[in-house]
Structures are given as C-alpha cells and as structure tokens.
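1. I'd like to go over a predicted model; first the sequence, then the structure.
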Amino acid sequence: MKKKIALSGIQPTGIFTIGNYLGAINSWVKMQEDYDCIFFIANMHSLTTIKDPEYLNKTILKIAALLIACGINTKENILYVQSMIPQHAELSWVLQCHTQFGELGRMTQFKDKSKSNNVNVGLFCYPVLMAADILLYKPDVIPIGEDQKQHLELTKTIAKRFNNLYGEIFKIPKEFIPQTGAKIMSLTNPEKKMSKSSENKNSYISVLDSPEDILKKFKKTVTDSGSEIKFSKEKPGISNLIKIYSSISNITIKETEEKFKNISYKDFKISVAEAVINKLQPIQNKYYEIIENKDFLIKILEEGSKKAFSIAEKNLNEIYKKIGIKF
Ligand code: ATP
Ligand code: MG
C-alpha cells in the first residue's frame, strides 16, 4: 500500500439512511482518491441488537451492493465482512483487559441503546470491539459520523494506554467528520439522531425509499414554530432540513438559508425532498442492477476478506508477541 490508510465500517442492521450516507459513506467515496481504503460490514456489532440469521445474512449483501452503487471501488480498495476475520474478536478481548468498566459506562450510545430491559454484555463492550476493528489495521484516518466521535476518543485512550505499557504498537488514528453531514437527526424527533434500526420508518429516509415515500416523509417532518428558514438551536427541525439540503447539494448552510429566504416551510420541505430524490435516483438504479448478481457480490467480499485477513494476522501476531502471549 502506497498511500495513507482510511478505515471505516457500517452495520448490516438495515438499508442505510441518508444520515449514514451524508455522515459517512459520502466521505468514504471521496476519500478513495487520497487514501488506500479499508471498509467493512460490521456484522459482529449487529449481533448486539439483531437476532435474526436470515435478515442479518441478506442485509450483508444488500449493504455491499449499496456501497458499490454509491461509488465504492472494490478493485482499488478492500471491502470485507468483519466476522470473516477472527482477529477482530481476539484483539477485542485483549483490549477489554485494558479498558476500565467506568469508561464503557459513560458511552452515550450504550446509555441510549440500553434503555430497554434486555441489555446484553455485547452492547456494553461494543466500543472495545470498535477499538479493535480500528487498531488492528493501523489506519491513519477514520471517516465517521459525529455520533461515533466518543467511541473514537475511547479508541485513542485505549491505544495510548497500550503504547505506554508495551511500547509503540498502535498508531493513534484521526477522525474525519464531514462538516455539514456530521449528524443528521430523526425526521420525527430532531433531538434524536436518524438511525437505520429505528422502529419508526417515518423517522428516517432510507437510500432505497421510493420518490413517493421520500416526499411523504419530508412533508410529515416535525418543524418548529415560526416561518423563517434559519439554522439555529431553537429550530432543530428546520435546522436538520437545512443540513440535509446543504449537504446533498454541496453548498453551505448560509447559502441554503439565502436560497430559501422567502419560502414557506411547506415549499422548503418539497425542495429538500426533490434534492434527495434526485441524488438517490442513480444510486437506486445501480443498486437494483448489482443486487441481482449475488455470486459477484460474494466473490468481492471473499476477496476483500482475504486481503484484510493477511494484514490482521500479521498485526495481531506482532501484538501477541509484544504483550507476552506468543513465542
Ligand atoms: P444503528 O441504528 O443500527 O446503530 P446507524 O444508522 O447508527 O445504525 P451504523 O452502522 O451504526 O448506523 O453507523 C455507520 C456510520 O454511519 C457511522 O460512521 C456513523 O457515525 C454514521 N452515522 C450513523 N447515523 C448517522 C447520522 N444520523 N448522521 C450522520 N452519520 C451517521
Ligand atoms: Mg449506530
């Protein structure tokens, strides 16, 4: 590999949303120009919330097809499935032995996702597996949405603690968070982030939603009192729509406000819907072509996993030797 390395993953918990697209996948596509990229489908993470073998299995191929449809180039980069590389789970155990209980208890994603009674230990240890996913490949930069920032900070803390104990083993990675698409909020509750695993389908736009559904969902979005298209803390609903529009159209928040200065909320919602529909149309067309060819997709994932395995095997061997559990 000649360039710097970027690494990131996405869970096969569902078809991804415009939140995932604007917060993460769009950056993945752009970063391919300057980085050697390693992307993975984080199916071990999905076990924390999904216990449905058929669904999990099918969604892996759908996510792979969608990533390719969005512009991920699997010839020049690595795309693999997390569970095909046993070193993630092995390093995760090692890192768990170097992570404080209190550190994991402070993670906001754990607090959010553990509100039900059915809280498994995997959900608690999720950030350590994520640290292993990252540190195993010694990447330079991690393109993520803002919701993962706290987890990445923990990854850095664990890596530094490890390096202090055993000498320089891990590279300390930097996050890359896109400015406008940083955190897209739910369409039905702008205080919560948009999530593909949400039970309320109106809370998110999936990248495979039909134009009719996209328009319907945007028309229903929660907005605020007042009538100005203005980005502000007091207007979380309309600010979220401004963020989506500016990010999709590649213009700034200010430019978006200016463009829709004298427009009603109702018409603005229609314009946002149209911009999203136009952006997603070519992605959807490509997706439906690619998903037909399951053998092609499986081959790509197997080839990617082979490449990832050889890096992971070498790096974990080094780590095991350094910490004294391998001769
Ligand atoms: P789940 O609800 O199952 O956790 P998710 O929508 O949060 O699904 P993930 O697979 O956990 O998606 O995350 C994939 C990538 O998308 C991560 O980099 C994450 O930071 C980013 N991301 C997730 N939700 C958003 C959002 N609402 N806005 C911006 N980026 C997001
Ligand atoms: Mg998530």
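-> Received, thanks. Ligands and ions are numbered 1, 2, ... in the order given.

2. show me where the stretch 1-150 of the chain has helices.
-> 18-20, 26-31, 43-46, 53-70, 87-96, 101-105, 108-113, 121-135, 149-166 (DSSP state H, counting those that start in this stretch).

3. So which of those helices is nearest ligand 1?
-> When the helices of the stretch 1-150 of the chain are compared by Cβ to the nearest ligand atom, helix 18-20 sits nearest ligand 1, at 2.9 Å. To be clear about C-beta, it is placed using only N, CA and C from the backbone, and glycine gets the same treatment.

4. Now do the closest one: which elements does it pack against?
-> Here helix 18-20 touches no other helix or strand, going by 3 or more Cβ pairs under 8 Å, 6 or more residues apart in numbering; DSSP states H and E.

5. Only the buried residues of that helix, if you could.
-> Residues Ile18, Gly19, Asn20 are the ones in helix 18-20 that count as buried (16 or more other Cβ atoms under 10 Å).

6. cool, stretch 200-211 as well?
-> For stretch 200-211, burial by neighbour count (16+ other Cβ under 10 Å) applies to Ser203, Tyr204, Ile205, Ser206, Val207, Leu208, Asp209.

7. Please apply the same query to stretch 302-315.
-> Under the neighbour-count rule (16+ other Cβ under 10 Å), stretch 302-315 has Gly304, Ser305, Ala308, Ile311, Ala312, Asn315 buried.

8. Same check on stretch 259-272?
-> For stretch 259-272, by 16+ other Cβ under 10 Å, it's Phe260, Tyr265, Phe268, Lys269, Ser271, Val272.

9. Isn't Thr48 up against Leu123?
-> Yes: here Thr48 reaches Leu123: they are 4.6 Å apart, a contact under Cβ atoms under 8 Å.

10. Any chance you could list residues touching both of these two?
-> Lys113 (Cβ atoms under 8 Å, 6 or more residues apart in numbering).

11. returning to that earlier point: CSV for the buried residues of helix 18-20, including pLDDT?
-> Shown next, in CSV, are these (pLDDT from 0 to 100):
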residue, pLDDT
Ile18, 97
Gly19, 96
Asn20, 96
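
12. and those residues near ligand 1, which?
-> Restricting the buried residues of helix 18-20 to those near ligand 1 by Cβ under 6 Å from any ligand atom leaves Gly19, Asn20.

13. Just put the buried residues of helix 18-20 in TSV and tack on distance to Leu56.
-> Formatted as TSV, the buried residues of helix 18-20 follow (distance: Cβ to Cβ, whole Å):
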residue	distance to Leu56
Ile18	23
Gly19	21
Asn20	17
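
14. Tell me what angle the helix or strand hosting Ile311 forms with helix 87-96.
-> Applying DSSP states H and E as the criterion places Ile311 in helix 294-323. Calculated by axes from the mean of the first three to the mean of the last three Cα atoms, to 10 degrees, helix 294-323 forms an angle of 30 degrees with helix 87-96.

15. Check which helices and strands helix 294-323 sits against.
-> Secondary-structure packing of helix 294-323 (3+ Cβ pairs under 8 Å, 6+ apart): strand 35-41, helix 53-70, strand 78-81, helix 87-96.

16. now the ones you listed as JSON lines including mean neighbour count and distance to ligand 1?
-> Shown next, in JSON lines, are these (neighbours: other Cβ atoms under 10 Å; distance: least, Cβ to the nearest ligand atom, whole Å):
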{"stretch": "strand 35-41", "mean neighbour count": "24", "distance to ligand 1": "9"}
{"stretch": "helix 53-70", "mean neighbour count": "18", "distance to ligand 1": "9"}
{"stretch": "strand 78-81", "mean neighbour count": "23", "distance to ligand 1": "14"}
{"stretch": "helix 87-96", "mean neighbour count": "19", "distance to ligand 1": "15"}
